[in-house]
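A.B. asks: sequence plus predicted model, see below.
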Amino acid sequence: MAEHVIAIDQGTTSTRAIVFDARGSIVTSAQREHEQIFPKAGWVEHDPEEIWTNTAWVLDSVLEQSGLTAGDIAGIGVTNQRETAIVWDRRTGRPVANAIVWQDTRTQQRIDRLSADGGVDRFADTTGLPLATYFSASKIAWILDNIDGARAAAEAGDLLFGTPDSWVIWKLTGGREHITDVTNASRTLLMDLETLDWSEEMLRVWDIPRGMLPGIRSSSAVVGEASEPAAAAGIPIAGILGDQQAATFGQAAFEPGESKNTYGTGNFLLVGTGTQIVRSGNGLITTVAYRIGDEPARYALEGSIAVTGSLVQWLRDNLGLIRSSDEVEELAGGVEDAGGAYFVPAFSGLFAPHWRPDARGAIVGLTRYVNRHHIARAALESTAFQSWDVIEAVEADTGHRLEEIRVDGGMTKNDLLMQFQADILGIPVVRPKVVETTALGAAYAAGLATAVWADHDELRAHWREDRRFEPAMGDDERDRRRRLWRKAVSKSLDWVDDDARVLMGTVDD
């Protein structure tokens, strides 16, 4: 019996493939970054063809490095950046435009028009989501309305839509499978949370032909078989999860009340609510956590933060303060605090719990004393403050204080950030031995469907703690820092108006 699983992790900045063994340990991995395309202020795009080329390359690489063949692999699990919209021609297999990334804000005016009648929560009862540029629906509509011939082709049944999981699986299967899973479908603003099917009302609102949409499947089930690249031919595709749901799965946070916070391009806190759909009154998203086979779907509350790890990239690429992202901890560690500076990275507005698209990035509290070390530290601290914002909202919604928070993702390797996170939250921050829990969760989903693992209890037994960061900041200092953070956030609001839209080239959508 095959006892290895491959996870494909198609993320915002790169694509990885990781081989896991039956103990949930990493055998080998390969990774390739793809280009971040910024045609205008507020526009963020990726090249879907580059994403697929990278996917094929990392798959080939891990099979070659591990010495394993397709017959040694029980299944492939796919996890992906959510909400990013790709539209392609089913006849040619080619995208009609670049992918519009989840961070993109070009559709804000359409969102504003819809919100004017019923508010941002106008469709939340159906979808669990606020009206925001974050989600896929407005991106699909933009492509149909702005790419020559796209709407006519869609209405003729020639165009397909998918988030990156759908695109990758369509390419893996040689165009045989056009599918997604419930977690990714729940992020489109098009799925009914209760029926787990596409909502006819939402399709009418956005004027999107139903024939464009992928079939919705469970997160853990055999849904097809790879035919590309050749080395992977014959491997079952057995797991699909949006990246944050996959990270929750990888943390073995299966039960109501269990949570995790992922530190990646953005930060994403998920708290499980079981089979109950819980509506947030404090700016959180209601989303599908996972579905195993024919079992009932499990749901979660989520706090989504747009800019955390990507702020470190911004320090590297836009300001040149560091040569590599790993250097930020040393730079920030050159000072004891941020020197009174606060950095609100509202590059795409503020997501949860504020949902303020009019906000933009701000550095406040600057004096002549502040230097590059303080700026780097303020950037890291902004991640911890934003996480506190969403955890406070979770505790308000659930009525329960979190006793600790499990963390994962690339930024958790930064001990300075993890200690400051514990200090600002006032609770322990727990880092697992395997911090690549997004890929691990996709592997778990595929392995459950192919009998590599028997049940949730077996997966829980794999989880191991690496380090626990205990809060060391006094209550008065913690309260002072939180109060100043709130003041800094208030300074970032109400920036985007008609004048700003003219400068950004987004007056007309």
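C.D. replies: In hand now; what should we look at?
A.B. asks: and residue 479, how many neighbours?
C.D. replies: The tally of other residues near residue 479 (other CB atoms under 10 Å) stands at 12. Where you see a C-beta, it was placed from the backbone N, CA and C, and this is true even at glycine.
A.B. asks: pLDDT score assigned to it?
C.D. replies: Residue 479 is assigned 96 on the pLDDT scale.
A.B. asks: so it, which state does it fall into?
C.D. replies: helix (DSSP: H, G, I helix; E, B strand; the rest coil).
A.B. asks: what's the answer for the one 10 residues further on, then?
C.D. replies: On the three-state scheme (three-state DSSP), residue 489 is labelled helix.
A.B. asks: distance of it from residue 152?
C.D. replies: 45 Å (CB to CB, to the nearest Å).
A.B. asks: higher neighbour count, these two?
C.D. replies: residue 489 (22 against 11).
A.B. asks: so how far is the helix or strand encompassing residue 223 off the chain centroid?
C.D. replies: Using DSSP states H and E, residue 223 maps to strand 220-225. Computed by CA atoms, centre = their mean, to the nearest Å, the chain-centroid distance of strand 220-225 equals 22 Å.
A.B. asks: just checking, what packs against it?
C.D. replies: Where contact means 3 or more CB pairs under 8 Å, 6 or more residues apart in numbering; DSSP states H and E, strand 220-225 is packed against helix 164-172, strand 236-242, helix 437-449.
A.B. asks: identify the residues contacting that strand?
C.D. replies: 75, 169, 172-173, 176-177, 179, 217, 234-240, 290-293, 445-446, 448-450 (CB atoms under 8 Å, 6 or more residues apart in numbering).
A.B. asks: what's the closest of the helices and strands packed on strand 220-225 to residue 426?
C.D. replies: Residue 426 lies closest to helix 437-449 among these, at 24.0 Å (CB to CB).
A.B. asks: angle of that closest one against strand 236-242?
C.D. replies: Going by axes from the mean of the first three to the mean of the last three CA atoms, to 10 degrees, helix 437-449 is angled at 140 degrees with respect to strand 236-242.
A.B. asks: which residue ranges form the strands in the stretch 201-350 of the chain?
C.D. replies: Along the stretch 201-350 of the chain, the stretches classed as strands by DSSP state E, counting those that start in this stretch are 215-217, 220-225, 236-242, 259-263, 267-274, 285-290, 298-305, 342-344.
A.B. asks: meant to ask about the stretch 1-150 of the chain
C.D. replies: 4-10, 14-20, 26-33, 45-46, 73-80, 86-89, 99-100.
A.B. asks: direction included, what does the third one pair up with?
C.D. replies: Spelled out, that is strand 26-33. Sheet pairing for strand 26-33, assigned by DSSP bridges, gives strand 14-20 (antiparallel).
A.B. asks: ditto for the first one
C.D. replies: In the sheet containing strand 4-10, its partner strands are strand 14-20 (antiparallel), strand 73-80 (parallel), by DSSP bridges.
A.B. asks: looking at the ones you listed, which is nearest to residue 62?
C.D. replies: strand 14-20 (4.6 Å).
A.B. asks: list the buried residues of the closest one.
C.D. replies: Neighbour counts over strand 14-20 (16 or more other CB atoms under 10 Å) mark 15, 16, 17, 18, 19, 20 as buried.
A.B. asks: any weak-confidence spans in the stretch 101-250 of the chain?
C.D. replies: Within the stretch 101-250 of the chain, no range satisfies pLDDT under 70.
A.B. asks: state the mean pLDDT of stretch 55-73.
C.D. replies: pLDDT averaged over stretch 55-73 gives 94.
A.B. asks: what lies in contact with it?
C.D. replies: In contact with stretch 55-73 (CB under 8 Å, 6+ apart) are residues 2, 4-6, 8, 10, 15-19, 27-32, 168, 171-172, 226, 228-229, 231-235.
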